[in-house]
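Participant: fold the following and give me the result.
(3 chains)
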Amino acid sequence: MHVGTWAALVHRVSGILLVLFLPGHFIALGSALEGAAAFDSFLAWTEQPLVKLSEWGIVLALAAHLGGGLRVLALEFLPWRDWQKSLAAVAAAAAIAVSLAFALAL
Amino acid sequence: MLWIAQRASAAVLALCVAVHLATMIYAIRGGLSAAEILGRTRGSAGWLAFYSLFVLAVTVHAPIGLRPILGEWLRWRGASRDLFLLALAMLLAGLGMRALLGVFR
Amino acid sequence: MVLTTPATIAVRVWRGGAAGVFQAFEVPRHESQTVLDVVTYIQRSLDATLAYRYACRVGMCGSCAMMVNGRARWTCRTHIDLVLQDRKDITIAPLRNLPVIRDLVTDMREFFDKWARAKGRFQGRVSRNEDFERIKPDDPDRVQVDAGIECIGCAVCYASCDVVAWNPDYLGPAALNRAWTLIKDARDAKTMARLRAVAGDAGCHSCHTHLSCTERCPKSISPTAGIAGLKRAVVSAVVGKAF
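Facilitator: The predicted model follows:
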């Protein structure tokens, strides 16, 4: 496996994770329909360490998917030749930076 | 033309996700509470417009992205796959709109 | 410490068809030896029943590609030193993504049929009675054709492509690269038919830019760049028609 394959695999797996996460995310936000109390009880649930860890994972997935997506857009729409390989590295670095920022803010 | 819809929604999402990530990192400092979140969102037309666009782009982007994955990794092709993806798009749109209603109303 | 080159190389070679086993051989080591030299030595001196394919031995004909230590390579231009860099043995197998006929020989019909399906045949727009087209060497389209035209049809890209492995209908990097060089060819008359042929689930839009073809092409062609060009060209054609 070379860097392009890894970038594409991370892009795909993070995308699958996001699709699985989104319905739950929407349902949780929708709980605010039943008032702030219902929303707060959900937020209390998210205080568990395992949920916190998964949150960090999903933010990492989001950042990685964003980075990977920008890589694809650049490869498809920009004239490129030699700097192609750096794209995967830039995408990875951006994903790690964002997730670290999130982890620290947690 | 699924490919161009995917790239167009990707371009929109790139902006949305960047803003969303930044907002999120800003918002979670000092913990989250319903009052704090809803205080920021309720009645804010700007955020409502932004997140409506976000949900719409996701509704387009996620099913199209899943399509080749189902074909290549699960060998699921043909009309039943596309019907499933259409249903997924409806589900995401429905739940997304309900979430918007919950947070912005 | 004295660095010594071992006198022999341990080689494992695929024997059989789709079902088969690796057979072990000991092959004398020489200087400037290629993987094709090793295979040829086995066939001539150790086991005359070994089936493999080659013709020119100088990287022009595209017939000797095989999987060498899991990676598709043109064996006539691949030195043993390169593949032995961090290991002592060599495993040689038939190209991935193609049906095995016997030993190291694959059935390449599907590979070339896909070139035909991608409308990989030049179709001129003028007859011999008319003046010929004048294309400057630095014409932007001509430059793009130059970037992809040196393909020798070795199928290294096809064997390296994950999308081909996952979606057997996918036309593959070589056929799409060929289509791209023809679309950029000002003399060719079949652009619209070709764009139709390369659109859709089996065509250019199924490429996920893994860049394996670009990474592995022995001629340093970037099919990924050509395929990206096709993706945009198909969209331009569709949008152009709509407005």
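
Participant: and the least confident helix or strand in chain B by mean pLDDT, what does it pack against?
Facilitator: Lowest on mean pLDDT, DSSP states H and E among the helices and strands of chain B sits helix B:34-41, with a mean of 83. Packed against helix B:34-41 by the contact rule (3 or more CB pairs under 8 Å, 6 or more residues apart in numbering or on different chains; DSSP states H and E) you find helix A:36-45, helix B:2-27, helix B:45-74, helix B:79-104. Quick note: C-beta positions are derived from backbone N, CA and C, even for glycine.

Participant: I'd like those laid out as TSV, including mean pLDDT and distance to chain C.
Facilitator: TSV is the format used below for the helices and strands packed on helix B:34-41 (pLDDT from 0 to 100; distance: least, CB to the nearest CB, whole Å):
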stretch	mean pLDDT	distance to chain C
helix A:36-45	85	36
helix B:2-27	92	4
helix B:45-74	96	4
helix B:79-104	94	11
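
Participant: what does chain B put close to chain A?
Facilitator: Selection of chain B residues close to chain A by CB under 8 Å from any CB of the partner chain yields B:7, B:10-11, B:13-14, B:17-18, B:20-21, B:24-25, B:28-29, B:32-35, B:37-38, B:58, B:62, B:65-66, B:69, B:88, B:91-92, B:95-96, B:98-103, B:105.

Participant: just the buried ones from these, in ChimeraX syntax?
Facilitator: The ChimeraX command for the buried members of those (criterion: 16 or more other CB atoms under 10 Å in any protein chain shown) is given here:
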select /B:7,10,13,14,17,20,21,24,25,32,34,37,38,58,62,65,66,69,88,92,95,96,98,99,100,102,103
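
Participant: what's in contact with the least confident helix or strand of chain B?
Facilitator: Contacts to helix B:34-41, defined as CB atoms under 8 Å, 6 or more residues apart in numbering or on different chains, come from residues A:32, A:36, A:37, A:39, A:40, A:43, B:27, B:47, B:48, B:103, B:104.

Participant: got the angle between that helix and helix B:79-104?
Facilitator: 100 degrees (axes from the mean of the first three to the mean of the last three CA atoms, to 10 degrees).

Participant: pick out the residue closest to the middle of chain A.
Facilitator: In chain A, the centroid-proximal residue (CA atoms, centre = their mean) is residue A:62; its distance is 1.4 Å.

Participant: checking that residue next. Helix, strand or coil?
Facilitator: Look at residue A:62: counting by DSSP: H, G, I helix; E, B strand; the rest coil, its state is helix.

Participant: pretty sure it sits against residue A:15.
Facilitator: No. Here residue A:62 lies out of contact with residue A:15, judged by CB atoms under 8 Å, at a distance of 10.0 Å.

Participant: against residue C:209, how distant is the closest residue to chain C within chain A?
Facilitator: Nearest residue of chain A to chain C, counting by CB to the nearest CB: residue A:4, 3.4 Å away. Separation of residue A:4 from residue C:209 (CB to CB, to the nearest Å): 7 Å.

Participant: right, is the least confident helix or strand in chain C by mean pLDDT up against chain B?
Facilitator: Averaged element by element with mean pLDDT, DSSP H and E, chain C has its least confident helix or strand at helix C:223-242 (a mean of 90). Yes. Helix C:223-242 is in contact with chain B by CB under 8 Å from any CB, via C:231, C:234, C:235, C:238.

Participant: leaving out sequence neighbours, find the closest residue to the last one.
Facilitator: For residue C:238, the nearest residue in space outside its immediate sequence neighbours is residue B:1; the separation is 5.8 Å by CB to CB, 6 or more residues apart in numbering or on different chains.

Participant: what sits against the residue nearest to residue B:73 when sequence neighbours are not counted?
Facilitator: Computed as CB to CB, 6+ apart, the closest residue to residue B:73 that is not its neighbour in sequence is residue C:166, at 6.9 Å. With contacts defined as CB under 8 Å, 6+ apart, residue C:166 is in contact with B:71, B:72, B:73.

Participant: how many residues are close by the last one?
Facilitator: Right, residue B:73. Neighbourhood size, residue B:73 [other CB atoms under 10 Å in any protein chain shown]: 11.

Participant: and residue C:200, that's in a helix?
Facilitator: No. Counting by three-state DSSP, residue C:200 falls outside a helix, being coil.

Participant: roughly how far does it sit from chain A?
Facilitator: Distance of residue C:200 to chain A, computed by CB to the nearest CB, to the nearest Å: 17 Å.

Participant: quick one, phi/psi of that residue?
Facilitator: For residue C:200, the backbone dihedrals (degrees, to the nearest 10) come out as phi 90, psi -180.

Participant: mind checking pLDDT for it?
Facilitator: On pLDDT, residue C:200 comes in at 84.

Participant: repeat for the one 10 residues further on
Facilitator: The score at residue C:210 is 94. That number is its pLDDT.

Participant: so what's residue C:207 up against?
Facilitator: Residue C:207 is in contact with C:163, C:173, C:176, C:224, C:227, C:228, C:231, counting by CB under 8 Å, 6+ apart.

Participant: before we move on, the earlier item: can you put the helices and strands packed on helix B:34-41 in TSV and add distance to residue A:90?
Facilitator: Output for the helices and strands packed on helix B:34-41, formatted as TSV (distance: least, CB to CB, whole Å):
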stretch	distance to residue A:90
helix A:36-45	34
helix B:2-27	14
helix B:45-74	21
helix B:79-104	29
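
Participant: among the ones you listed, which is nearest residue C:45?
Facilitator: Nearest of the helices and strands packed on helix B:34-41 to residue C:45, taken as CB to CB: helix B:45-74 at 43.6 Å.

Participant: and the direction of that closest one versus that of helix B:34-41, what angle?
Facilitator: Helix B:45-74 runs at 110 degrees relative to helix B:34-41, counting by the same axes, to 10 degrees.
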